[in-house]
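Asks: coords below, sequence missing:
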């Protein structure tokens, strides 16, 4: 299952820089990131090559962080595909906590990062596989 | 100036006669105190077995002080000197930690308290014709109920609105032509700042007087409020351990607050040594109750700093005048009239595993009112990576703090190790409020 590293940060200038500096210093490359904001604080969510290592180097610096299992799927870039994906999740009563997605190759390939409210991600993976959505590791 | 009295005889009693009254009442108070678990052992150690052992007021010096911690340790009934059957009300207040303190009242105690408040109201020149809007919080906090019963006793028309809801306060002031309010000075300033926003103007009101207490303020603030509203503002002093409001109150001359000395023996002591200080010298206020049957307190250390004015007041009241409170001997904070100890906040934070032990309390002004912000650090090992969990955590701390300190704090979550580490407790508090 794909892993995402969630780092607690205060919402003030310089925090993203501080976190990414630690990763860069340890030669950890970032594939994707997003920031979730809650006023005075928020989370930086990172997809990195070695999440375990990233977790350790950040925790070592005192950051409150956690590695979460998430679902990454690569649907075709096609009209109605996100709607179909959400319908599948709806039918199985799975809610999306957080997500971000984009197109990599126009009219060919997109990527969706999904944080889901289910403890059984394997089952969710099976369901999505069955419906023809390509789940990435 | 016309001087009015509620009980002229006792208010203008000559000092020698007052001392006799005090001595007789002190003897009775000692007898009541001996019925409590706490004083029974304490007075025995001091060699006092009966009120008769007190021959003169100077014998009081042989009695050890009673502290807030003593009250806390006596919770719930270590200082109760009557049967619970005879108690008709109790008030608890926040202790310095999670354990509160309690004061019990018999009917006699409440009647005496009410009389002191009635005296205080009449001393300001108010009376039964007045419309009294009580903006202090009702409930366990003694500010609301204390003034309430005194005002009813005087025969004022009482509007028991309690604190908050500024627009409704203004509407009531307008609809019923309120003449006297009981309020904290910061709330008074807040009301002024909101007049326009809520569509009122001073000409809608008929306000004449404000009784201001529950938080310290300067003479300049009094003058400012008097000028803004075109009213007379009177300083009020009380504490729940001594009933509540009505312990000391200003008369029309507004030169210090007459402490009702037939109900309390007033001492000012040097905080460190406990030695008595003379008039005009600032020290800690110490009170002994003389009119309380359920919870008599002997030489209670208030931790409030003030001094006693020299000489007689022009109003002819012989009860000595206390200065405004100039400070505290401890780290107690007063936030919008509510007493808060940093240790209460610490106690709450320490029992929440998701946050670290480091915290900071920020106090600042938001308009005329106080804003209390509590900053805590996330504890790395307990962090699961969810925002929702953080929202729940924030709410949880807020609710627990509210339950402990009565006021709603603003909660801030911070990164581990980001708050300054302090050695001393008091430094955890950053008070950015400008004194009013």
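Replies: Yes, it's here. Model, not experiment: these values are computed from the prediction. Numbering: from 1, shown residues only, chains lettered A, B, ... in the order given.

Asks: Can you list the buried residues in stretch A:70-87?
Replies: Neighbour-count burial for stretch A:70-87 flags A:70-73, A:75, A:77, A:85 (criterion: 16 or more other C-beta atoms under 10 Å in any protein chain shown). In short, each C-beta sits where N, CA and C put it, glycine included.

Asks: which two in those residues are spaced the farthest apart?
Replies: Between any two of the buried residues of stretch A:70-87, the greatest separation by C-beta to C-beta is 20.7 Å, found for A:70 and A:77.

Asks: follow-up on the earlier one: closest to residue B:176 among the buried residues of stretch A:70-87?
Replies: Nearest member of these to residue B:176, counting by C-beta to C-beta, is residue A:70, at 61.7 Å.

Asks: what does the helix or strand hosting that closest one rub up against?
Replies: Taking DSSP states H and E as the definition, residue A:70 sits inside strand A:65-73. Here strand A:65-73 makes contact (C-beta atoms under 8 Å, 6 or more residues apart in numbering or on different chains) with A:1-8, A:47, A:51-52, A:55, A:58-59, A:85, A:111-116, A:121, A:124-125, A:128, A:133-136, B:380, B:383-385.

Asks: List buried members of the residues you listed by neighbour count.
Replies: A:2-8, A:47, A:51, A:55, A:58-59, A:85, A:111-116, A:121, A:124-125, A:128, A:133, A:135, B:380, B:383, B:385.

Asks: how about the strands of chain A, start to end?
Replies: A:2-10, A:30-38, A:41-48, A:65-73, A:96-105, A:109-116, A:135-136 (DSSP state E).

Asks: can I get these in JSON lines with mean pLDDT?
Replies: Formatted as JSON lines, those follow (pLDDT from 0 to 100):
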{"stretch": "strand A:2-10", "mean pLDDT": "95"}
{"stretch": "strand A:30-38", "mean pLDDT": "94"}
{"stretch": "strand A:41-48", "mean pLDDT": "96"}
{"stretch": "strand A:65-73", "mean pLDDT": "94"}
{"stretch": "strand A:96-105", "mean pLDDT": "91"}
{"stretch": "strand A:109-116", "mean pLDDT": "92"}
{"stretch": "strand A:135-136", "mean pLDDT": "90"}
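
Asks: Turn the ones you listed into a markdown table, including distance to residue B:64.
Replies: Converted to a markdown table, these look like this (distance: least, C-beta to C-beta, whole Å):
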| stretch | distance to residue B:64 |
| --- | --- |
| strand A:2-10 | 49 |
| strand A:30-38 | 52 |
| strand A:41-48 | 50 |
| strand A:65-73 | 55 |
| strand A:96-105 | 61 |
| strand A:109-116 | 63 |
| strand A:135-136 | 76 |
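
Asks: From what I see, residue B:287 and residue B:243 are in contact.
Replies: No. With contact defined as C-beta atoms under 8 Å, residue B:287 does not count as touching residue B:243 (10.2 Å).

Asks: From the neighbour counts alone, determine which of the two ranks first.
Replies: residue B:243 (27 against 24; other C-beta atoms under 10 Å in any protein chain shown).

Asks: gap between the residue nearest to that one when sequence neighbours are not counted and residue B:238?
Replies: Excluding its sequence neighbours, the residue lying closest to residue B:243 (C-beta to C-beta, 6 or more residues apart in numbering or on different chains) is residue B:113, at 4.4 Å. Per C-beta to C-beta, to the nearest Å, residue B:113 is found 9 Å from residue B:238.

Asks: Are there residues contacting both of those two? Which ones?
Replies: B:146, B:244, B:246.

Asks: Tell me which residue of chain B lies closest to chain A.
Replies: Using C-beta to the nearest C-beta, the closest approach of chain B to chain A is made by residue B:385 at 3.1 Å.

Asks: Let me know the secondary structure of that residue.
Replies: coil (DSSP: H, G, I helix; E, B strand; the rest coil).

Asks: Settle this for me: it is touching residue A:36, isn't it.
Replies: No. Between residue B:385 and residue A:36 there is no contact under C-beta under 8 Å: 10.8 Å.

Asks: got any residues that touch both of these two?
Replies: residue A:43.

Asks: Could you report the pLDDT at residue 87?
Replies: This is for chain A. Predicted confidence (pLDDT) for residue A:87: 94.

Asks: was after chain B, sorry
Replies: So residue B:87 comes in at 98 (pLDDT).

Asks: ok now do the nearest residue to it once chain neighbours are set aside, which residues does it touch?
Replies: Distance criterion C-beta to C-beta, 6+ apart; nearest residue to residue B:87, sequence neighbours excluded, is residue B:104 at 4.6 Å. By C-beta under 8 Å, 6+ apart, residue B:104 lies in contact with B:80, B:82, B:84, B:87, B:89-90, B:294-295.

Asks: rewinding a little: now intersect the shared contacts of residue B:113 and residue B:238 with the helices, please.
Replies: residue B:146 (DSSP state H).

Asks: State the distance from the residue nearest to residue B:87 to residue B:141.
Replies: Counting by C-beta to C-beta - residue B:104 and residue B:141 are separated by 16 Å.

Asks: ok so, going back, name the element the residue nearest to residue B:243 belongs to?
Replies: Short version: residue B:113 belongs to helix B:107-123, going by DSSP H and E.

Asks: Can you name the residues of the stretch 1-150 of chain B that neighbour chain A?
Replies: Proximity of the stretch 1-150 of chain B to chain A (C-beta under 8 Å from any C-beta of the partner chain) involves no residue at all.

Asks: Point out where the stretch 1-150 of chain B drops to low pLDDT.
Replies: Residue ranges of the stretch 1-150 of chain B with pLDDT under 70: B:95-98.

Asks: contacting residues around residue 115?
Replies: I went with chain A, as the question did not name one. A:4, A:68, A:70-71, A:96-99.

Asks: Can you look at chain B instead?
Replies: By C-beta under 8 Å, 6+ apart, the neighbours of residue B:115 are B:6-7, B:150, B:153.

Asks: Just the buried ones from the residues you listed?
Replies: B:6, B:150, B:153.

Asks: now the helices for chain B?
Replies: Counting by DSSP H, the helices of chain B are B:8-11, B:15-33, B:37-45, B:68-73, B:107-123, B:142-154, B:166-175, B:185-194, B:219-229, B:342-350, B:387-405.
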